[in-house]
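In: have a look at this fold, sequence not included:
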DNA sequence: ACTATGACCAGCG
DNA sequence: ACGCTGGCCATAG
């Protein structure tokens, strides 16, 4: 029925959330990687816009599996993200995620 | 319609 | 390792 549309999720937003939701446990993708995949579908987007979408709609998806390209965790949620990722078996290198081992692309084996 | 903002990224000093 | 710069483009006001 009439659903609230105070902030109607655009097609772009849906695609971003879809990609993030597909990341398997124990693996991660960077904002830039997500942006690239979404760009193949919608034809537009960038790492920065993905970050903007996550900030607004991230709560609906496993946001902790999206990290910065160098393995840093999202500002303000580092604690939470670290806990969840460790629980999934993601490797760490200091406070950062070990991207070389955890990085995942759609189509790759989980 | 326009401006400002930002959970980014790669390059450079 | 650290800070700064330019480019990126959807969202919000």
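Out: Everything's here; your move. Bear in mind that the values here come from a model prediction, so they are computed numbers and not experimental data.

In: need the strands for chain A, in chain order.
Out: A:29-30, A:66-67, A:92-93, A:96-97 (DSSP state E).

In: take those and write them to a markdown table, including mean pLDDT, distance to DNA strand C and mean neighbour count.
Out: Glycine gets a C-beta too; all of them are placed from N, C-alpha and C. Supplementary listing: the strands of chain A in a markdown table, determined by pLDDT from 0 to 100; distance: least, C-beta to the nearest atom of the strand, whole Å; neighbours: other C-beta atoms under 10 Å:
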| stretch | mean pLDDT | distance to DNA strand C | mean neighbour count |
| --- | --- | --- | --- |
| strand A:29-30 | 97 | 12 | 22 |
| strand A:66-67 | 97 | 15 | 24 |
| strand A:92-93 | 95 | 9 | 13 |
| strand A:96-97 | 96 | 8 | 20 |
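
In: ok, which of the ones you listed comes nearest residue A:81?
Out: Shortest separation from residue A:81 across the strands of chain A is recorded for strand A:66-67, at 7.4 Å, computed as C-beta to C-beta.

In: what pairs with the closest one, parallel or antiparallel?
Out: strand A:29-30 (parallel) (DSSP bridges).

In: do any residues in the partner strand lie close to DNA strand B?
Out: Yes. Strand A:29-30 is in contact with DNA strand B by C-beta under 7 Å from any atom of the strand, via residue A:30.

In: I'd say residue A:45 and residue A:13 touch.
Out: No. Counting by C-beta atoms under 8 Å, residue A:45 sits too far from residue A:13 to count as a contact (10.3 Å).

In: beta partners for the spatially most central residue of chain A?
Out: Centroid-nearest residue in chain A: residue A:66, 2.9 Å away (criterion: C-alpha atoms, centre = their mean). Beta bridges link residue A:66 to residue A:29 when assigned by DSSP bridges.

In: which residues touch it?
Out: The contact partners of residue A:66, by C-beta atoms under 8 Å, 6 or more residues apart in numbering, come to A:20, A:23, A:28, A:29, A:30, A:31, A:34, A:50, A:54, A:58, A:74.
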